[in-house]
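Colleague: got a predicted structure plus its sequence, pasted below:
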Amino acid sequence: MHEIDIAAQILRAGQAEAERCPGARLSTVKVQIGVLAGVDVHALRFAWDVLSQQENTIPPRLEIVTVPRRNLCEDCGAEFPSEATEAVCPVCSSRKSFLLGGDELQLACVEVEE
């Protein structure tokens, strides 16, 4: 289950940011996870809860923002949400588009309390 490793890396990154503010406590970490990222959100949340409880302070919250799949039309330049690999552009009906987003896994925001 790679979600344990992902949770550990997110927690380390959040703690590193909190250490930049002496005396601050990590309170919230927000991540963006695309629907195509291959991450089981429930397993990630469980791993986060287990790992963050091991700290001697109030455990930080994990906020997960799910990012939908987005395509970009090669003909008209329109961005649009899509469910399929062969997505039809809703603006010009072209079938020439490519994946623009939905596969990301990124740290979006870290909140600390002083």
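Modeller: Received, thanks. Numbers count the residues shown, from 1 in each chain.
Colleague: what count of nearby residues applies to the closest residue to Cys109 other than its chain neighbours?
Modeller: Excluding the flanking residues, the one nearest Cys109 by CB to CB, 6 or more residues apart in numbering is Lys30, at 4.0 Å. (Each C-beta comes from the backbone N, C-alpha and C, glycine too.) Burial measure for Lys30: 17 neighbouring residues, criterion other CB atoms under 10 Å.
Colleague: wasn't Lys30 part of a strand?
Modeller: Yes. Lys30 sits within a strand when classified using DSSP: H, G, I helix; E, B strand; the rest coil.
Colleague: give me the beta-bridge partners of it?
Modeller: According to DSSP bridges, the residues that bridge with Lys30 are Glu63, Cys109.
Colleague: quick check, it in contact with Val65.
Modeller: Yes. Counting by CB atoms under 8 Å, Lys30 touches Val65, with 6.6 Å between them.
Colleague: I'd like to know which elements the longest helix along the chain is packed against.
Modeller: If you go by DSSP state H, the chain has its longest helix at helix 3-19. Applying 3 or more CB pairs under 8 Å, 6 or more residues apart in numbering; DSSP states H and E, we find helix 3-19 packed against strand 25-34, helix 41-52, strand 105-113.
Colleague: who's in contact with that helix?
Modeller: The contact list for helix 3-19, computed with CB atoms under 8 Å, 6 or more residues apart in numbering, reads 24-26, 29, 31, 39-40, 43-44, 46-48, 51-52, 60, 62, 105, 107, 110, 112.
Colleague: and if you look at stretch 31-38?
Modeller: Residues outside stretch 31-38 that contact it (CB under 8 Å, 6+ apart): 10, 39, 41, 44, 62-69, 99, 101-108.
Colleague: distance of the residue nearest the centre of the chain relative to Leu44?
Modeller: Centroid-nearest residue in the chain: Gln32, 2.1 Å away (criterion: CA atoms, centre = their mean). Computed with CB to CB, to the nearest Å, the distance linking Gln32 and Leu44 is 12 Å.
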